[in-house]
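# Got a sequence here, can you build the structure:
(one chain, ligands or ions: 1)
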Amino acid sequence: MKNWYGRVATSAVTLIGVAFFTSCEPRVEPLEDVIEKGLERATEQVLLMAKELEAKEGKLPKSIKDGNLEMSGYSWWCSGFYPGELWYLYENTPTPELKRYAELYTDRVEPAKNVTSNHDVGFMLNCSFGNGYRLTQNPEYKDVMVTGARSLATRYKEHIGAIRSWDFNKQKWQYPVIIDNMMNLEFLTVVSRMTGDKQFSQIAVNHADKTMEHHFRPDYSCYHVVSYDTITGLPHIKQTHQGWADESSWSRGQAWALYGYTMMYRETGKKEYLDLANNIASYLINHPNMPEDKVPYWDFDMPEIPNTTRDASAAAIMASALIELSTINQNDFGKKCLDIAEQQIRSLTSPAYLAEKGSNCNFALMHSTGHFRGNIEVDVPLTYADYYYVEALIRMKKLLGAK
Ligand code: GLY
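Below you'll find the model as predicted:
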C-alpha cells in the first residue's frame, strides 16, 4: 500500500507521461483547413493562368512541355476542363472576375458542339457548358449542349449498343470503345433531362450496360479498349492503348470506371451500376500496389513500381467518385470510401503534389501521367487532374457542411 504522497507522486508521473506522449503526436490539420488551402491555391493558379491566356485567342491550357505552358484549341479532348474548373471555383467564390473568365474560356470551347470524329464531346461540353448552365441557366449554353449531344449521338450504333470512341487504328479495331467513354454519358443524361428527349439517356444506359458486360475482369479491374465486331456486335479484341499491358490495370482507366458507374447509378438508380461501382472501389482500395499516400502509380501493374511515375489525375478522379459513393453507401463501406478520399485530398494538397503559387505554369497539381508508353505527358500537370481535384474539394466541403 502506498501512502498518500506516494499515490500523488505516481499520479503526477502518469499525467506528465500522458502529456508528453500527447504532445509528441503529429498534429493532424483539420480537413476543413486542408480543403480551404487547396481551393485557395487552385483559385490563385487558375486566375494567373486566365490572365496569361486572355490575349491568346482560342487557346486553352493543356500541360507543360519542355518547361513551358502547352496549349490547345477547342478540339483537344481536354478543352473543357479548364473552363469547368473556373466554374467550380466561381461556385465556391462567386466573384465577377471568376465569372468573366469562366464565360470567356467556355466560349472558346463552343465549336466542339459540332465534333463528330470522336467520343470526347461529353468531356468537352459537360465540364464547360454543363457547369456553366448549372450555375447560370444561360439559355445559349443549353443550345450548345443540345447540338453537342446530337453530335455525340451520331457515334452510337444500335446494333452494337455502344458509342464508338475512336476512328484511328482502323486496321486493328473494328469498333473501339474505351473505358474513358463512360465519362461522356453524363452529358447525355443531363441533356435528356434538359430537353425531355429520352433518346440521349437511352444511349447512355445502353452504352453503360454493354461496357459492364464486356470491359470488366472477374476481379473488377477493367480493360482499356474493347473493340467490337461490327457484324456480331461481340468483342473481337480486348487490349490497352495507354496502359502498361493488355492485362494490366491502367490507373486512370480504373478511375474512369469507378467515376462512370457511380455517376450512372446517380443518373439512373440502376442497382447493377452501384454494385459494379462498389466492386471497382473495393478492388482499388485494397490493391496491394496502392501507395501509402493513395496516389496511384500510373499503372497498378507496372513492373518498375515503386520506380515509376504517379498519376495525380487518377487520384483526383478517384477521390471525387469515392466521395459520391460514400454518400450512397451509408454504412462502413461508405465510411471506408470517404476515408480513402480524405487521404487522397490530404496528399494532393501537400507540397508533394500541390504547386506553389505562380509555379508549375500555373496549374494546381504536379505529377500526373497522360500517356506513359507513348512518352507523352509523363510526370506533368494536366487540366483534368486540376478539374477533378477541385471537384473533389468542393464535394468534400459540401459534405462537411452538411454534417
Ligand atoms: N481519355 C484519355 C485519357 O484518360 O488519357
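
# neighbours of the residue in the chain positioned nearest to the ligand, just the number please.
Residue of the chain nearest the ligand, by CB to the nearest ligand atom: Asp180 (3.7 Å). For every residue, glycine as well, the C-beta is placed using N, CA and C. Neighbour count of Asp180, defined by other CB atoms under 10 Å: 24.

# Helix or strand: which one has the closest residue to it other than its chain neighbours?
In this structure, Asp180 finds its nearest non-sequential neighbour in Trp256, 4.9 Å apart by CB to CB, 6 or more residues apart in numbering. Using DSSP states H and E, Trp256 sits within helix 251-268.

# does the ligand sit close to that helix?
Yes. Counting by CB under 6 Å from any ligand atom, the ligand is contacted by helix 251-268 at Arg252.

# Please export the C-alpha coordinates of that helix as PDB.
Only the C-alpha atoms of helix 251-268 are listed here, as PDB (Å, rounded to 0.1, in the frame of the first residue of the first chain):
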ATOM      1  CA  SER A 251      -4.800   3.600 -63.200                       C
ATOM      2  CA  ARG A 252      -6.800   6.300 -64.800                       C
ATOM      3  CA  GLY A 253      -8.900   3.800 -66.700                       C
ATOM      4  CA  GLN A 254      -9.900   2.200 -63.400                       C
ATOM      5  CA  ALA A 255     -10.700   5.700 -62.000                       C
ATOM      6  CA  TRP A 256     -12.900   6.500 -65.100                       C
ATOM      7  CA  ALA A 257     -14.700   3.200 -64.500                       C
ATOM      8  CA  LEU A 258     -15.300   4.000 -60.800                       C
ATOM      9  CA  TYR A 259     -16.500   7.500 -61.500                       C
ATOM     10  CA  GLY A 260     -18.500   6.400 -64.500                       C
ATOM     11  CA  TYR A 261     -20.600   3.800 -62.800                       C
ATOM     12  CA  THR A 262     -21.100   5.900 -59.600                       C
ATOM     13  CA  MET A 263     -22.400   8.700 -61.800                       C
ATOM     14  CA  MET A 264     -24.600   6.400 -63.900                       C
ATOM     15  CA  TYR A 265     -26.100   5.000 -60.600                       C
ATOM     16  CA  ARG A 266     -26.900   8.600 -59.600                       C
ATOM     17  CA  GLU A 267     -28.400   9.300 -63.100                       C
ATOM     18  CA  THR A 268     -30.500   6.200 -63.400                       C
END
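
# The stretch 301-403 of the chain against the ligand: which residues are in contact?
So far as CB under 6 Å from any ligand atom goes, the stretch 301-403 of the chain lies against the ligand at Gly370.

# can you pull out the strands in the stretch 301-403 of the chain?
Using DSSP state E, counting those that start in this stretch, the strands of the stretch 301-403 of the chain run over residues 368-371, 376-380.

# Show me the one of those strands that comes nearest Lys403.
strand 368-371 (30.7 Å; CB to CB).

# what's the closest one packed up against?
For strand 368-371, the elements it packs on are helix 312-328, strand 376-380, judged by 3 or more CB pairs under 8 Å, 6 or more residues apart in numbering; DSSP states H and E.

# Would you mark the buried spots in it?
For strand 368-371, a neighbour-count test (16 or more other CB atoms under 10 Å) marks 368-370 as buried.

# try stretch 130-148
Buried-residue list, stretch 130-148, by 16+ other CB under 10 Å: 130-133, 135-136, 141-142, 144-148.

# for stretch 304-323, same thing?
308-323.

# neighbours of the residue nearest to Asp180, just the number please.
24.

# ok, which of the buried residues of stretch 130-148 also contact the ligand?
Filtered for proximity to the ligand (CB under 6 Å from any ligand atom), those leave an empty set.

# Just those: which are in helices?
Counting by DSSP state H, these place 131-133, 135-136, 141-142, 144-148 in helices.

# Residue numbers of the stretch 151-300 of the chain in contact with the ligand?
180, 242, 252.

# Tabulate the residues you listed in CSV, adding columns for pLDDT.
As requested, those are arranged in CSV below (pLDDT from 0 to 100):
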residue, pLDDT
Asp180, 98
Gln242, 98
Arg252, 98
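
# Take those and write them to TSV, including distance to Glu103.
Listed next are those as TSV, based on distance: CB to CB, whole Å:
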residue	distance to Glu103
Asp180	28
Gln242	33
Arg252	29
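
# Between these, which sits nearest Asp219?
Arg252 (17.9 Å).

# separation between Asp33 and Pro351?
15 Å (CB to CB, to the nearest Å).

# Quick check: pLDDT value at the nearest residue to Thr211 once chain neighbours are set aside.
Nearest residue to Thr211 in three dimensions, chain neighbours excluded: Met182, at 6.2 Å (CB to CB, 6+ apart). pLDDT, Met182: 98.
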